[in-house]
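# give me coordinates for this.
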Amino acid sequence: MKIGIANDHRGFKTKQILTEYLTLKGYTVVDYGTDSIDRVDYTKYGFILGEKVASGEVNLGIAICGSAIGISIACNKVKGIRCGKINTVGEAIHGRERDFINIIALSGEADIELNKKIVDAFLESKENLEDPAYKKRVEQIMEYEND
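Residues are numbered from 1 along each chain as shown. This is a model prediction of the structure:
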């Protein structure tokens, strides 16, 4: 599986750790983020990651900024993206299974071990296509997005 990862300056260190972690687990990680702690705008990297996930260049995405709020908003501006700002393992599972999120947004200031558990839960969960209510809601979002 190919995972896109993007970050701003406040997410740089977390990106480095998660990239190494995921690579060791056998994932292909494509880096779309900044490569330093020099101040940058998260919007640029959120848009790039969103476009790469939406186009299918990568299967899923991980977006990282200081709070995870800004970069999640930027990702969600890209058509076809459902990005969730995730704080817990339960939210990662719920977001993937029920809301069909294709990008998670993580705080670069959160505990790295928690972020690893969240990433694992996100990547190991699957969309629950057996419950038509979940699929229907995502389809409603996509219809609205296409209007």
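# use CA for all of it now, contacts and neighbours both
OK.
# any idea how far stretch 39-55 is from the middle of the chain?
Counting by Cα atoms, centre = their mean, to the nearest Å, stretch 39-55 is centred 10 Å from the centre of its parent chain.
# show residues contacting it.
The contact list for stretch 39-55, computed with Cα atoms under 8 Å, 6 or more residues apart in numbering, reads 4-9, 32-34, 58-61, 63, 65, 70-72, 74-81, 102-103.
# select only the buried ones of the residues you listed in ChimeraX?
This is how ChimeraX selects the buried members of the contacts of stretch 39-55, with burial counted by 16 or more other Cα atoms under 10 Å:
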select :4,5,6,7,8,9,32,33,34,58,59,60,61,63,65,70,71,72,74,75,76,77,78,80,81,102,103
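# next step: the contacts of stretch 39-55 restricted to helices.
70-72, 74-76 (DSSP state H).
# dump the residue contacts of residue 112.
residue 14.
# please renumber so the chain begins at 797
Yes, from this point I'll number from 797; that puts the last item at residue 908.
# next one: phi and psi at it?
phi -70, psi -40 (degrees, to the nearest 10).
# now the strands for the protein?
798-803, 824-827, 856-861, 879-881, 899-903 (DSSP state E).
# quick one: distance of the fourth one to the chain centre.
Averaging C-alpha positions (Cα atoms, centre = their mean) puts strand 879-881 6 Å from its chain's average.
# contacts for it?
864-865, 868-869, 871-872, 891, 897-902.
# distance check, residue 888 against residue 898.
Distance of residue 888 to residue 898, computed by Cα to Cα, to the nearest Å: 11 Å.
# scratch that, residue 821 is what I was asking about
Residue 821 is 20 Å from residue 898, by Cα to Cα.
# what residues sit buried inside the helix-or-strand element of the chain with minimal mean pLDDT?
Taking mean pLDDT, DSSP states H and E as the measure, the chain has helix 928-942 as its least confident helix or strand, at a mean of 91. By 16+ other Cα under 10 Å, the buried positions in helix 928-942 come out as 930-931, 934.
# turn the contacts of strand 879-881 into CSV, including distance to residue 941 and pLDDT.
Converted to CSV, the contacts of strand 879-881 look like this (distance: Cα to Cα, whole Å; pLDDT from 0 to 100):
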residue, distance to residue 941, pLDDT
864, 23, 98
865, 21, 98
868, 17, 98
869, 15, 98
871, 14, 98
872, 11, 97
891, 19, 97
897, 15, 98
898, 16, 98
899, 17, 98
900, 19, 98
901, 20, 98
902, 24, 98
